[in-house]
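Just need the structure, nothing else, for what follows:
(chains A and B)
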Number of protein chains: 2
Amino acid sequence: MKKLRVIPLGGLGEIGKNMTLFEYNNQGIIIDAGIMFPEGDHLGIDYIIPDMGYLKDNLDRLTIHGIFVTHGHEDHTGAINHVLDVVEAPIFGTALTCGLLKNKITEAGRKANINVINAGDVVRRGAFELEAFHVCHSIPDCVGFGIRTPVGLVVFTGDFKFDHTPVDGWPTDFATISRMGNDGVLALFADSTNADRPGWTLSESVIDAGFDRVFKKADGRIIVATFASLISRIQQVANTAMRYDRKMAIAGYSMNENIRMARELEYLDFPAKLIVPLDKALSMPPEEVVLMVTGSQGEPSAVLSRLANGRHKTIDIEDGDTVILSAHPIPGNEEMVQRTINKLIQKGANVVYDAIEQVHVSGHASQEEMKLMINLVKPKYFVPVHGELRHLHSHAKLAQELGVPASHCSVVENGTILEFTQHSMEVVDRYPGGYVFVDGSGVGDIGPAVMRDREILANEGFLVIFALVDKQGNLLRDPRIISRGFVYLKGSDEIFSIIKDVVKRSLKKSSNGRRSTGVEEAVGRRVYQETKRRPMVFAHIEQTP
Amino acid sequence: MKKLRVIPLGGLGEIGKNMTLFEYNNQGIIIDAGIMFPEGDHLGIDYIIPDMGYLKDNLDRLTIHGIFVTHGHEDHTGAINHVLDVVEAPIFGTALTCGLLKNKITEAGRKANINVINAGDVVRRGAFELEAFHVCHSIPDCVGFGIRTPVGLVVFTGDFKFDHTPVDGWPTDFATISRMGNDGVLALFADSTNADRPGWTLSESVIDAGFDRVFKKADGRIIVATFASLISRIQQVANTAMRYDRKMAIAGYSMNENIRMARELEYLDFPAKLIVPLDKALSMPPEEVVLMVTGSQGEPSAVLSRLANGRHKTIDIEDGDTVILSAHPIPGNEEMVQRTINKLIQKGANVVYDAIEQVHVSGHASQEEMKLMINLVKPKYFVPVHGELRHLHSHAKLAQELGVPASHCSVVENGTILEFTQHSMEVVDRYPGGYVFVDGSGVGDIGPAVMRDREILANEGFLVIFALVDKQGNLLRDPRIISRGFVYLKGSDEIFSIIKDVVKRSLKKSSNGRRSTGVEEAVGRRVYQETKRRPMVFAHIEQTP
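Presented below is the predicted three-dimensional model:
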């Protein structure tokens, strides 16, 4: 009997988020091709991509008929070039999504077969027929997919919320989702991000009132920081700016690029004269200006953090500036964001963030919306995805409260192979692997060993000792010590002369083959005694020819 | 005219929290002697202490008559030995606070003059008369101080909340605070931690109901993680355990120590037979056991995180275990806590945390409580302390809503010198300095330079090259390369042989004095071309004698 296989192909922390493979009878499609962002202890890692080991290992039998992308965020698009390295399949997405994908693909100097689809379109590829339906999220023109397969219809929500009054006036497509529910759905794969949040996520439109209150009170310049991809938020800032007779200027490369493209594709709607160049804005009366900037996550190289640190080329924070942080810190960024807020206040700005005014809402469904999705779709089987394990568990509990039997819910991890027939869902296996670190041009060469070394170096630094000895092992010159991250070099003569003594004594005692290990051990011990620190210690003992 | 000086002596992020100096006519007292915890980019730092530069620089004229400690938390007690290094003054605190201080002082092998006081006691030291008043917080027996000075009465709240139904039955002392308010208060220094939280912090007693719901549903073992200092929470677990006929066992050094001391001092009240040794608990039927463990902040070496990683000596997480996280992540710890939760779920535990059940409340006052404190005290001048700059600003705004003139509110930073007369508050100056890093046995030797090096090493690693050359600069042997944190050493032969070639070519081209710099630059450039990484590169070129 033929079965449908579904495999979340990778991800870190969140499950089934960045890339998912559907296969039936050796025909496959991929949903999304995203990256993950490194966590605090992924030292020096630029970004993380899904592990495509399963794909690579099965490409001799498996044909990938299409890469379908739900929306334009990095965690769903950012790995596209890495995926194209493995499979050269045509890409499908809405206009904005394809615009963002095209940029990435062109920048990498490659070509791809990119196909713009609209919500409502049906695309048949291999054994699969995909119907895109519109969902609301925090970037325009998102879709979920109804995926008709030989064993039944699978609904894949992608990131979503049910916003009744979205900024673009286009709510999530209840009708199509309900129709699918009535047709009979084998399985629902649904976004679990906010599974711990009771209630219903507030509509983006509540932010209008929040912005209004802030703009009304501000008598100086207003600076708004948000995600460059949060196009609807930019529209809301533009609308408020027009109401309060302010001109808008843009700082930050990605913010500029996204606004340019979104205006071209008509996702943003405001008159050209609203926008003034940054340098002009800086010479206008402050009460006539709004600056849109990047860096709402406290990223050190983005505009907001440079403003906070007084390191922006042209803009300085001044007394009377109002800074709006229209974003919520992504887990792991809290410390950076808080520090940025404190520094902006220190420079005299009035900082408005979500704890003190309604200037941000989540882009994901809360519990009542999750329940609505499950009840609209009425799936036979339920697979919570897009969230950490704890969110998946909470989401599965919700489904069970709605009557989905526990045996029909699968909480799986990345790499797990799920198999469906018309009458069954089964966890078959877990494919080893998970995610792959990208550091510089290296993909996957950094693993746990290097990461461990980086952690020790980060906390303790290193000491390298070089000694030149004659054939009898007598030191010919004062040993050379190279060290960083261990002690402040100026004013540490004492510890270094102690180390040199230890080297001399150790060399006298050690036999030929044990010389460098002997020195390393003796120095490490003594350094710990003196400083209670454990730098990495290396010795190279060179014997004259 | 004589003036009262108040100086928040140090702190990082939070202001006026860990240590505050009061001085009048060369007579001084200190409130609290706490440490701060390192933030994410304080690589390798163990903890941070206040900068005592002002104290040291003024000790020839200034006599410190006492160190008064508000409560037993680390951020108010942890720097006691560092403070005693600078001033040998008598210490005053309630019994529990002194118990905790005594442990620290004894462990450091020193002696101190420690004086137990009770809430309500009045102590006269130098120019100051301190009256301790009871406040609720998240450790028992906390006090704030009314400080009578020659220019007027200053109220210093310490960490506080107004809990009407605290677990120990002892609410914050409204009567004394009101009396001080009626006597006339020159200045109020008040806790700002939750200045962004509207409403009133929930009472500790709501947790009883939360625990009850979790205990009722659990049919396996229950494991509760909380702060070892959260004595009232431990009492609540004990009460619930007795109601559900479970025995309690304790894992973790600090949890054991604190419970032992709190029982001795009668801050904990339960029969001895409730407690069973850990090894006995592990052999009892799971439904008869509660384990109290440390590690609620995801600290890698504490019990909870060892359970999550399967690295505890004796305890393994089993299917059916219920883990209660009775704590909220401190900013910066979110990622670690979330990871711990996910790993516990992965091991089969049902994990209950504050998003899904009422198992924790804050120890600090929310906005309505802050307003109540201000209205009870009716201070002439208001100084928000204990919080980040943004919290201090929000707290000052609250005070202004209650009618304290903006000119009577001072939002200051650590090191700022405030001067009071009977009729004035003035910001005089800011003393340079701030905080001091402690790493191993080194206090203050690690500064920005070492921190920067550690950051580069963390992200990029290092490469050290040794080459032995003759008098003409010809290589005598293959150069030796030592590297960590840059690439995975196995399988990186290619990049290392490229580097060796670069070394050889560079040595041929370089003049004598420029040899090592030449090699470093050439290798750095080539390594970046090949890998897009920038490890620290050092070269040592040794010429044979």
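
list the contacts for A:Glu257?
Listed by Cβ atoms under 8 Å, 6 or more residues apart in numbering or on different chains, the contact set of A:Glu257 reads A:103, A:228. Just so you know, the C-beta spots here come from the backbone N, C-alpha and C atoms, and that holds for glycine as well.

secondary structure element for it?
helix A:253-264 (DSSP states H and E).

Could you do A:Val6 as well?
strand A:4-8.

ok, that strand: who's next to it in the sheet?
Strand A:4-8 sits in its sheet next to strand A:20-24 (antiparallel), strand A:416-421 (antiparallel), going by DSSP bridges.

most packed of those strands?
strand A:20-24 (a mean of 24; mean count of other Cβ atoms under 10 Å in any protein chain shown).

mind listing the helices for the stretch 51-200 of chain A?
Counting by DSSP state H, counting those that start in this stretch, the stretch 51-200 of chain A has helices at residues A:53-58, A:74-77, A:80-86, A:95-107, A:174-183.

pLDDT on the shortest one, on average?
This means helix A:74-77. The predicted model assigns helix A:74-77 a mean pLDDT of 93.

Can you tell me which helices and strands it packs against?
If you count contacts as 3 or more Cβ pairs under 8 Å, 6 or more residues apart in numbering or on different chains; DSSP states H and E, helix A:74-77 packs onto helix A:95-107.

what distance separates the one helix or strand A:Ile223 maps to from the centre of its chain?
Here A:Ile223 sits within strand A:222-225, counting by DSSP H and E. Centroid separation between strand A:222-225 and its chain, computed with Cα atoms, centre = their mean, to the nearest Å, is 23 Å.

Kindly report the same for stretch A:33-41.
5 Å.

got it, and stretch A:65-77?
14 Å.

now swap in stretch A:109-127 and tell me
The answer for stretch A:109-127 is 24 Å, by Cα atoms, centre = their mean.

cool, stretch A:487-500 as well?
For stretch A:487-500, the distance to the chain centre is 42 Å (Cα atoms, centre = their mean).

Just the buried positions in it, please.
Within stretch A:487-500, the residues that count as buried by 16 or more other Cβ atoms under 10 Å in any protein chain shown are A:487-488, A:492, A:495, A:499-500.

First-to-last residue distance for it?
Counting by Cα to Cα, to the nearest Å, you get 16 Å between the two ends of stretch A:487-500.

From A:Gly34, how far out is the closest residue to A:Asp429 other than its chain neighbours?
Once flanking residues are discounted, A:Asp429 sits nearest to A:Ile417: 4.8 Å by Cβ to Cβ, 6 or more residues apart in numbering or on different chains. According to Cβ to Cβ, to the nearest Å, A:Ile417 stands 20 Å off from A:Gly34.

B:Phe174 is nearest to which of the helices of the stretch 51-200 of chain A?
Closest of these to B:Phe174 is helix A:74-77, at 51.2 Å (criterion: Cβ to Cβ).

Kindly export that closest one (C-alpha atoms) in PDB.
Below are the C-alpha coordinates for helix A:74-77, written out as PDB (Å, rounded to 0.1, in the frame of the first residue of the first chain):
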ATOM      1  CA  GLU A  74      13.800  34.600   6.900                       C
ATOM      2  CA  ASP A  75      12.800  31.600   8.900                       C
ATOM      3  CA  HIS A  76      10.800  30.400   5.900                       C
ATOM      4  CA  THR A  77      12.900  31.700   2.900                       C
END
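
contacts for that helix?
Under Cβ under 8 Å, 6+ apart, the answer for helix A:74-77 is A:14, A:17-18, A:32-37, A:69-70, A:97, A:100-101, A:104, A:158-159, A:229.

on that earlier part again, which pair of the buried residues of stretch A:487-500 spans the longest distance?
A:Tyr488 and A:Lys500, at 18.2 Å, using Cβ to Cβ across the buried residues of stretch A:487-500.

quick one on the thing from earlier: can you point out the buried residues in the helix holding A:Glu257?
A:255, A:258-259, A:261-263.

And for stretch A:347-361?
Quick answer for stretch A:347-361 (16+ other Cβ under 10 Å): A:347, A:349-361.

likewise stretch A:281-292?
A:281-282, A:286, A:289-292.

do the same with stretch A:398-416
A:398-399, A:404, A:408-416.

In helices, which of those residues fall?
A:398-399 (DSSP state H).

Chain B: which of the buried residues of stretch A:398-416 is nearest?
A:Glu413 (7.6 Å; Cβ to the nearest Cβ).

what's the closest non-adjacent residue to that closest one?
A:Ile15 (5.8 Å).

now do A:Ala399
Closest to A:Ala399 by Cβ to Cβ, 6+ apart is A:Phe382, at 4.6 Å.

Run through the bridge partners of the one you found.
Beta-bridge partners, per DSSP bridges, of A:Phe382: A:Leu188, A:Cys409.

Neighbours of it, how many?
26 (other Cβ atoms under 10 Å in any protein chain shown).

Could you do A:Lys56 as well?
12.

Can you give me the pLDDT of it?
Reported pLDDT for A:Lys56: 93.

And A:Pro448, by the same measure?
For A:Pro448, the predicted pLDDT is 87.

Got phi/psi on it?
Main-chain torsions, A:Pro448, degrees, to the nearest 10: phi -60, psi -30.

any idea whether A:Arg233 is helix, strand or coil?
Following DSSP: H, G, I helix; E, B strand; the rest coil, the label given to A:Arg233 is helix.

Give me the spatial nearest neighbour of it, chain neighbours excluded.
Using Cβ to Cβ, 6+ apart, the closest residue to A:Arg233 is A:Thr226 (4.8 Å).

who touches that neighbour in this structure?
When contacts are counted by Cβ under 8 Å, 6+ apart, A:Thr226 touches A:233-234, A:237, A:292, A:296, A:325-327, A:360.

follow-up on the earlier one: now do the helix or strand just after the helix holding A:Glu257: which elements does it pack against?
Next along the chain after helix A:253-264, taking DSSP H and E as the criterion, comes helix A:278-283. Counting contacts by 3+ Cβ pairs under 8 Å, 6+ apart, helix A:278-283 packs against strand A:247-251, strand A:289-293.

Nearest approach to chain B belongs to which of these?
strand A:289-293 (18.6 Å).

What's the end-to-end length of stretch A:192-200?
13 Å.

sorry, that was for stretch A:89-103
17 Å.

Now tell me what touches that stretch from outside.
In contact with stretch A:89-103 (Cβ under 8 Å, 6+ apart) are residues A:30, A:64-72, A:77, A:80, A:112-119, A:123, A:125, A:130, A:132, A:139-143, A:231, A:257, A:261-262, A:265, A:267.

Tell me how far A:Val537 lies from A:Lys490.
For A:Val537, the distance to A:Lys490 - Cβ to Cβ - is 21 Å.

and what of A:Ser424?
Counting by Cβ to Cβ - A:Ser424 and A:Lys490 are separated by 70 Å.

What of A:Ile31?
For A:Ile31 relative to A:Lys490 (Cβ to Cβ), the value is 56 Å.
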